[in-house]
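In: make a model of this:
(chains A and B)
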Amino acid sequence: MSLLSTLTGIFEEAFEEAGFDRDYGIVEISQRPDLSQFQCNGALAAAKPYKKPPRSIAQDVVSLVESRPELDVVTVEGPGFINIVLSDAFLGNHIDRMIADPRLGVPRVSSRKVVVDYGGPNIAKEMHVGHLRPAIIGESVKRLLRFLGHDVIGDVHLGDWGLPMGQLICELEDRMPDLLYFDSASSGPYPAEPPVTVEYLQEIYPVASRRFQEDSRFVDRARCAVVELQEGRPGYRALWQHFHRVSVEAIKEVYNRLDVEFDLWNGESTVNQRLDPMVARLLAGGIAEESDGALIIDVAELDDPKDVPPFLLLKSDGAALYTTSDLATIEDRISRGTEVIIYVVDVRQSLHFEQLFRAARRSGIALEDVGLEHAGNGTVNGPDGKPFKTREGGLLRLRELIDRVEERAEERLQENDLAQNYSDDERAEIRRAVAAASLKFGDLQNHRTSNYVFDIDRFTAFEGKTGPYLLYGGPNYSRDRALLRTVDVDL
RNA sequence: GCCCCAGUAGCUCAGGGGAUAGAGCACCGGCCUCCGGAGCCGGGAGCGCAGGUUCGAAUCCUGCCUGGGGCGCCA
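Out: Numbering: from 1, shown residues only, chains lettered A, B, ... in the order given. The predicted structure follows:
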């Protein structure tokens, strides 16, 4: 039980006993630490509905609580503020209990089964700055919910399906036509070793998507390849497995540098088998309808203050979209007992999630007792205030960003003459930890939904409100440990 | 055109009905002959504009200005 909830309980009772609604008993941390530790402003709010002077209400409440052992001084001040100072005995007791509790007094809530979806990297594509905030925020949300006692699964949810996969297959076929994977007569077995590195995939990916823009024959081939992949053509499946494996390895490497871990490495491909039956059912149930050749779900509500465009379920060429897979993913997660799904995804996609959630409700895929939430995040911006771009105009690669922060962390360590007498391995780990702390603290310091300017010098500073300072001096973590070491005390 | 988010100190940001609007950085002035100073104490300076609601507005409402973002076959 926290101090605030204990105190609020006391004042709720008092308000009720004095003849007022108990909701006026909310106690908060004092805004005037020179006057008190806590305060309750309920008397001011109650004055109007009860047509009584606020000071008199406050006085009534105070007279009911002032003899409580938890409280030392309770006074009415100003227009009707109730100022509260705790008794030393109560405060000391409370602190003793916190210290004795490995959870520091944080209560465990009733557990719900939660999926946090906070990854979103694409196969064969380099991760970029856009993946930073979801990773940091999502990981934090996951750990917090877990600490509170929920049953939480972190799902990276890869972009590992759809047209880009067809593009890649065809591009590779043109480059390496002799590979067994492209022999339509073959059904394996195929080599265990991947025919390409992730670097090679990342190189040909943009080439393939450019060709897709320009060459209609390539478009047809890519579409055809996707269909065959979905239908399970052995060579393509084997090739896709390789793409998947080498990509996941590279992606994990980046997340590891940030201490971000996923329980599930699912993706769009995970729900591949659910797509057709789901669409058929939605069509049969009259939920989905045709519009301009495409399949949509009307998600507008009568009392909508704004236009909510329909949820596009299938393109006019009949192909599935990210929307299809997102909806099927909700179905899949719920079928596994998920009670809450939290998406930590760029806030710019909020309309998509609004539509998605409505479609899920309307179709009965998610009933009201399932929580669906888009915890949208803002963007990481460059010095110009716009989403971080490289000189070439592309988004800055995430590994490059982390590299830069680690380099800066190394400089900081040298500037401050720190960690000099460690082995190379330990030093590298210190550098990594300092860099990760810089990035995470710099990010989490900002509101989740607002954009922020990435300032490497500020984030890596060893003084001020920064990650490195938190590691060292904030709650004096490593410094305290060093001190205790010198006096030979075990932690 | 419609919708969403933001505009607070020189800078980056908190605070989202209550008392004197906070932090970090930067700037100025102090503090150590035991601890890791990556520190501590103090100082100046601010709520985009105009109305409204309220005993009380940075906070709620309306309008406007400025910036960013979004608006069915991309994710």
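
In: which residues does A:Gly337 contact?
Out: Contact analysis of A:Gly337 by CB atoms under 8 Å, 6 or more residues apart in numbering lists A:Lys113. C-beta coordinates here come from the backbone N, C-alpha and C atoms, glycine included.

In: on the three-state scheme, it is what?
Out: Three-state assignment for A:Gly337 (DSSP: H, G, I helix; E, B strand; the rest coil): coil.

In: do the same with A:Glu289
Out: With three-state DSSP as the basis, A:Glu289 sits in strand.

In: that one contacts A:Phe311, doesn't it?
Out: No: counting by CB atoms under 8 Å, A:Glu289 stays clear of A:Phe311, with 10.9 Å between them.

In: neighbour count winner among the two?
Out: The residue with more neighbours, out of A:Glu289 and A:Phe311, is A:Phe311; 27 against 14, by other CB atoms under 10 Å.

In: okay, and the beta partners of that one?
Out: Note on A:Phe311: beta-bridge partners by DSSP bridges are A:Ile297.

In: any idea how far A:Leu275 is from it?
Out: Noted for A:Phe311: a distance of 15 Å to A:Leu275, by CB to CB, to the nearest Å.

In: how about A:Met165?
Out: Plainly put, A:Met165 is 14 Å away from A:Leu275 if you go by CB to CB.

In: which of those two has more residues huddled nearby?
Out: Neighbours per residue (other CB under 10 Å) separate A:Met165 from A:Leu275, with A:Met165 holding more: 25 against 19.

In: follow-up on the earlier one: what touches both of A:Glu289 and A:Phe311?
Out: A:Ile296, A:Ile297, A:Asp298.

In: name the nearest residue to the most centrally placed residue in chain A, sequence neighbours excluded.
Out: Central residue of chain A (CA atoms, centre = their mean): A:Gly138, 2.2 Å from the mean position. For A:Gly138, ignoring the flanking residues on the chain, the nearest one in space by CB to CB, 6 or more residues apart in numbering is A:Tyr118 at 2.3 Å.

In: need the contact list for A:Leu3.
Out: With contact taken as CB under 8 Å, 6+ apart, A:Leu3 is in contact with A:Phe38, A:Leu86, A:His94.

In: what sits against the second one?
Out: Okay, so that is A:Leu86. Under the criterion of CB under 8 Å, 6+ apart, the neighbours of A:Leu86 are A:Leu3, A:Gln37, A:Phe38, A:Glu70, A:Leu71, A:Asp72.

In: those in helices, which ones?
Out: The helices, defined by DSSP state H, take in A:Leu3 from these.

In: what's the closest of the contacts of A:Leu86 to A:Asp326?
Out: Ranked by distance to A:Asp326 (CB to CB), the contacts of A:Leu86 are led by A:Leu3 at 42.5 Å.

In: quick revisit: nearest to RNA strand B among the contacts of A:Leu3?
Out: Nearest to RNA strand B among the contacts of A:Leu3: A:Phe38, at 8.8 Å, using CB to the nearest atom of the strand.
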